[in-house]
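Novice: could you work out the structure for the sequence below:
(4 chains)
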4 protein chains.
Amino acid sequence: MIIVLKPEASFEHTERLLARITAAGLKALHMPGSERVVLGALGDERVLAELHLEGDPMVESVKPILAPYKLVSRELHPHDTIVRIGEVAIGGPVFQVIAGPCAVESRDQIRNTAMAVKAAGASALRAGAYKPRTSPYGFAGHGPSGLSMLREVGDELGLPIVTEVMDTADLELVAAHADALQIGARNMQNFALLRAVGKVRKPVVLKRGMSAKIEELLLAAEYLLAAGNEQVVLVERGIRTFETATRNTLDLNAIPYIKQRTHLPVLVDPSHGTGVRDLVIPMALAAAACGADGLLVEVHENPAVALSDGAQSLYPAQFEALMAALGPVVRAVGRQM
Amino acid sequence: MIIVLKPEASFEHTERLLARITAAGLKALHMPGSERVVLGALGDERVLAELHLEGDPMVESVKPILAPYKLVSRELHPHDTIVRIGEVAIGGPVFQVIAGPCAVESRDQIRNTAMAVKAAGASALRAGAYKPRTSPYGFAGHGPSGLSMLREVGDELGLPIVTEVMDTADLELVAAHADALQIGARNMQNFALLRAVGKVRKPVVLKRGMSAKIEELLLAAEYLLAAGNEQVVLVERGIRTFETATRNTLDLNAIPYIKQRTHLPVLVDPSHGTGVRDLVIPMALAAAACGADGLLVEVHENPAVALSDGAQSLYPAQFEALMAALGPVVRAVGRQM
Amino acid sequence: MIIVLKPEASFEHTERLLARITAAGLKALHMPGSERVVLGALGDERVLAELHLEGDPMVESVKPILAPYKLVSRELHPHDTIVRIGEVAIGGPVFQVIAGPCAVESRDQIRNTAMAVKAAGASALRAGAYKPRTSPYGFAGHGPSGLSMLREVGDELGLPIVTEVMDTADLELVAAHADALQIGARNMQNFALLRAVGKVRKPVVLKRGMSAKIEELLLAAEYLLAAGNEQVVLVERGIRTFETATRNTLDLNAIPYIKQRTHLPVLVDPSHGTGVRDLVIPMALAAAACGADGLLVEVHENPAVALSDGAQSLYPAQFEALMAALGPVVRAVGRQM
Amino acid sequence: MIIVLKPEASFEHTERLLARITAAGLKALHMPGSERVVLGALGDERVLAELHLEGDPMVESVKPILAPYKLVSRELHPHDTIVRIGEVAIGGPVFQVIAGPCAVESRDQIRNTAMAVKAAGASALRAGAYKPRTSPYGFAGHGPSGLSMLREVGDELGLPIVTEVMDTADLELVAAHADALQIGARNMQNFALLRAVGKVRKPVVLKRGMSAKIEELLLAAEYLLAAGNEQVVLVERGIRTFETATRNTLDLNAIPYIKQRTHLPVLVDPSHGTGVRDLVIPMALAAAACGADGLLVEVHENPAVALSDGAQSLYPAQFEALMAALGPVVRAVGRQM
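Specialist: Numbers count the residues shown, from 1 in each chain, chains lettered A, B, ... in the order given. Model prediction:
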């Protein structure tokens, strides 16, 4: 850690800061320059972070040297983690596609959609029984009965189920029905939920918050691993920017960046990442090309009457076209479908 | 609501959409232009939103006419709402200052800081017993014992207490200790929490999410009012932008914008809004000048050793200076201290 | 165009607005709703834009129906435009790669780099003789002598030259040396330059501004076409967001979005789009997968000593690896190398 | 400057980097930590920047210690600079208001508006003869004849004139008519223009780009000072964020941040900063409260028919109200009107 002092820092003040660094069991360095005094602190930066030197009135800035996450980092854990959702291995040689509607609307709707995505080659089913909605007047999901429908359809068709949990109070029930727990973008920094899900023995699908830096996504995953759950799949689903032509800006830079720094698998959600049905297929292909381990994609038997996210949901025939187009791209980058 | 169709929309398709609008009990309008067909739907837009026309493959865009919130709007409720936290009235003629440390660290720390802010003129005490922390390795608050210390100090000094609730599971306990429940920026769209807090009979201090549009903040408040809790205070605390010189970008535009559209009081948090101690005082003055109803400001007895947010916490002497500087500005815009 | 009036707009005021719309030769519609009066104006929206109704004190909002660009739009010009830079056709079946260093630093540097990129299969050479630099103390390019070196190397190796023009005063000289004129991100809304370049008979490579909406990029291109130059290639090069892990956020959503709406070819610059050498190859593959017509990529004979953009420049061996990896992806989406 | 090496950097590579630092005449430091080797370089960072160490393949990151600007910094020049536009002193005890329409539309319009703003107390007149317009179909100003009208009205009423220059080719003409040259937000990084304006002996009003970091604004000013022109006034005019309720997000944090770091005066433009007439007055008051040296504000004799920016222009009566409201706030923070 590098600590830059203000020009007006006195000699005595500097001495006191050096003493605090040493007292924390770290090696302190003193680098007096012509315009600024710079201090160094070598050792475990996470210990040093506890000193909170940025609050000192004579400290101009504090520059960490190491990334603030540890368990999710490749530096400690160089090999790829493979997460199993049911029998579907995410992070291995196979590019996996998890598909389904935004929400469970009815038994027929979820069953028909599930049959369509399975027929086209999806390996798991996604749908929400609890839906985060910006407006209190929107359809918020069927809750427990939605979970039951989802479980029945999953069992009937042999598709593992991925569904969102929004509150610690619902966790036990959702975990009893799902093969993987999704933590949605709006809850990526719901730390009580992260801690609770970290204690469950179910894989987690963790979506990046819409204004979360990549580092913050990795720290949210660190919460899960620190609590004991290492079965974590990350999802890039678009970030919020000034651009209004699309609902979000899909940040595909994040895919190779994350793959280079962590051992966890990462999926792309081109549905939320664009918000526009006509952009889903090209962005799904781009995701495969830049190294994602798979997709999370919204498909609805009839998006024109969907209760949520209709504008970004594929028709079954479009999903079939997507699966057909994916094959050559996936193979071009050395993966399998 | 205005519905713009794609150029390729057929006559039959248009007819079906008009029929759906009419069937929902709304008045449908047909406006064929030279390059696009445009449909109008007059009536309650919130009903129409349930039609989800944006999912239709022949719909190019849907443009709402009315704001999506209702209960928080001045159109239905023209007079200012005054929220009482203990005996402190927020939203009336008096500009109120709620101050205190980021977190309850120890009995001495909270008591000393509370005495300092009271002496300088603060009307309520803020501090967290449950702290959202980006890293799992940061200080996350003392929880229940922090709440007890806070309550004792509040009772001793006669200061109402504002503290954050982060999870529905903690709500009963927090509500038993606090005079007002804070919902933090990261939980502004924790809808399970909003619904639960909406059922409690305690005032709520709702902070804007770091990437929330003003409209989304108002819809989060709408959740609370729709659930029955009308004692809601909004807080602008800075948004996330490309600018890295400051921790956040304080969006003061939001203050007059919100005051013109809603009846709820609004505070400014210049501590999180800047993240830099030296910017807190000028931005607090700016907040008063543009019509905020008060401040939420971080003060610590010794920020140099604070366990969190030290860099943005004022020293007690600085808080005194802030209170002295505020008076003339508050009076210049016709309010009182 | 849809005009929403404020609730307090009087009948007389509404009449006057309708009269203004009619007087402009457009068809006016009057849609009185229960909570707002909405006006419609059918006809050429670009004419209507001249009425500036948004300045009227009783107008709440103005919602355009049509895109504000015309000449760049596929609606008027459905077939793909192919732009020829020298003999290189951009926008046709072949995926084209334009490569070279950020700046011309010396005759040896540009010649060695050009030989390397040509050997690996690049179809054109890019390099700057005039460099926009954030700091006045940075290397700003060799100007005229840089142009001469570039021209000589291009002629020797048979590579067309793409180079940036930053000021109308340099336009004649740059145009005399280059096969295509680049307008950089910082000048995308330098309207004097756009107008001047629009009058030159050279192809233009127009880069998206770092905070330009896609619509604004298309309007900048519209300036060029409106001035008479239809040989325009668009470039997505990353936008500025809150994410600091990468220099910019490459917005690949823009590629299919632009291809669906305009007839102009579009390239991707993964060097500026990421700012990180290790991310260039995966993002170049993603660009090919989502439908870009080619790449603009920075390569330097020795990036470790480059005078600018070294951190994002590929080594010649990496560029060779990129070209090898591109082939299968380009063919997977039905294009050729 | 701090240089963090990648974990795989060899001893020999480290030695070579240290030698490069020393060869540049700087003091090199070697700080081997347990997980990373960190190098320090003490001395003039601007010299070191010329080494471009960030391009080295073994360099993980480069962290500057000093700000990259020098001439605009308070560290070298602690006293406030006062810029004189005509006889109006900006940056002294008097809070100055420069007002006028977006564009010169006609002799009557500019004269009537100028009379109104003078009567209400404005100290200078602003208006554009050359207007940057996003669309090529918008009104782009009257050019030379607009300059003449502006000059005549300024002379008649004794108001100094501030007007924009957009291209080096127009600089001589604009400088011959104006008392101060405005560089607009879209040209803040038009470096050819900055260099040319730096050589002129006229005060410059430099607006922050809509996605410019504060540091970049200060570096743009550094261009002007480095070229010899020290009469520079900075303007905060709102930045581009995800928020769409307002046209821009006025970043008032920038005001105290800039005042603490530079000696140059800074104005606020609440018209562009909000884009909404009803928000201009409160944000103007906020600007005064947080330490701005004055305002740049749009006023039009009849905004309902303005050819540009009507929605954000004040009516003359509103401008009068603004001036009346400003007095008490300006005095509350110890300035004069």
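Novice: and A:Leu42, what does it touch?
Specialist: Listed by Cβ atoms under 8 Å, 6 or more residues apart in numbering or on different chains, the contact set of A:Leu42 reads A:Leu26, A:Lys27, A:Leu29, D:Met31, D:Gly33, D:Ser34, D:Val38. Where you see a C-beta, it was placed from the backbone N, CA and C, and this is true even at glycine.
Novice: for those residues, point out the one with the lowest pLDDT.
Specialist: Minimum pLDDT across the contacts of A:Leu42 is recorded for D:Ser34, with 77.
Novice: ok, that residue - contacts?
Specialist: When contacts are counted by Cβ under 8 Å, 6+ apart, D:Ser34 touches A:Leu42, A:Gly43, A:Asp44.
Novice: count the neighbours of the nearest residue to the last one once chain neighbours are set aside for me.
Specialist: Distances taken as Cβ to Cβ, 6 or more residues apart in numbering or on different chains place A:Leu26 nearest to A:Asp44, at 7.4 Å, with adjacent residues excluded. Here the number of neighbours of A:Leu26 (other Cβ atoms under 10 Å in any protein chain shown) works out to 20.
Novice: can you check A:Pro57 too?
Specialist: Other residues near A:Pro57 number 16, with proximity taken as other Cβ under 10 Å.
Novice: that one and B:Asn302 touch, don't they?
Specialist: No - A:Pro57 lies out of contact with B:Asn302 (Cβ atoms under 8 Å); the separation is 10.1 Å.
Novice: between the two, which contacts overlap?
Specialist: Both A:Pro57 and B:Asn302 are contacted by B:Tyr315, under the criterion Cβ under 8 Å, 6+ apart.
Novice: host element of A:Glu298?
Specialist: Using DSSP states H and E, A:Glu298 sits within strand A:294-298.
Novice: can you name the element that comes right after that strand?
Specialist: Trace forward from strand A:294-298 with DSSP H and E and the next one is helix A:316-332.
Novice: list the buried ones in that following helix?
Specialist: A:316, A:318-320, A:322-323, A:325-326, A:328-332 (16 or more other Cβ atoms under 10 Å in any protein chain shown).
Novice: any chance of those in JSON lines, plus pLDDT and distance to A:Leu159?
Specialist: Shown next, in JSON lines, are the buried residues of helix A:316-332 (pLDDT from 0 to 100; distance: Cβ to Cβ, whole Å):
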{"residue": "A:Pro316", "pLDDT": "98", "distance to A:Leu159": "15"}
{"residue": "A:Gln318", "pLDDT": "98", "distance to A:Leu159": "19"}
{"residue": "A:Phe319", "pLDDT": "98", "distance to A:Leu159": "14"}
{"residue": "A:Glu320", "pLDDT": "98", "distance to A:Leu159": "16"}
{"residue": "A:Leu322", "pLDDT": "98", "distance to A:Leu159": "17"}
{"residue": "A:Met323", "pLDDT": "98", "distance to A:Leu159": "15"}
{"residue": "A:Ala325", "pLDDT": "98", "distance to A:Leu159": "22"}
{"residue": "A:Leu326", "pLDDT": "98", "distance to A:Leu159": "18"}
{"residue": "A:Pro328", "pLDDT": "98", "distance to A:Leu159": "25"}
{"residue": "A:Val329", "pLDDT": "98", "distance to A:Leu159": "24"}
{"residue": "A:Val330", "pLDDT": "98", "distance to A:Leu159": "20"}
{"residue": "A:Arg331", "pLDDT": "98", "distance to A:Leu159": "24"}
{"residue": "A:Ala332", "pLDDT": "98", "distance to A:Leu159": "27"}
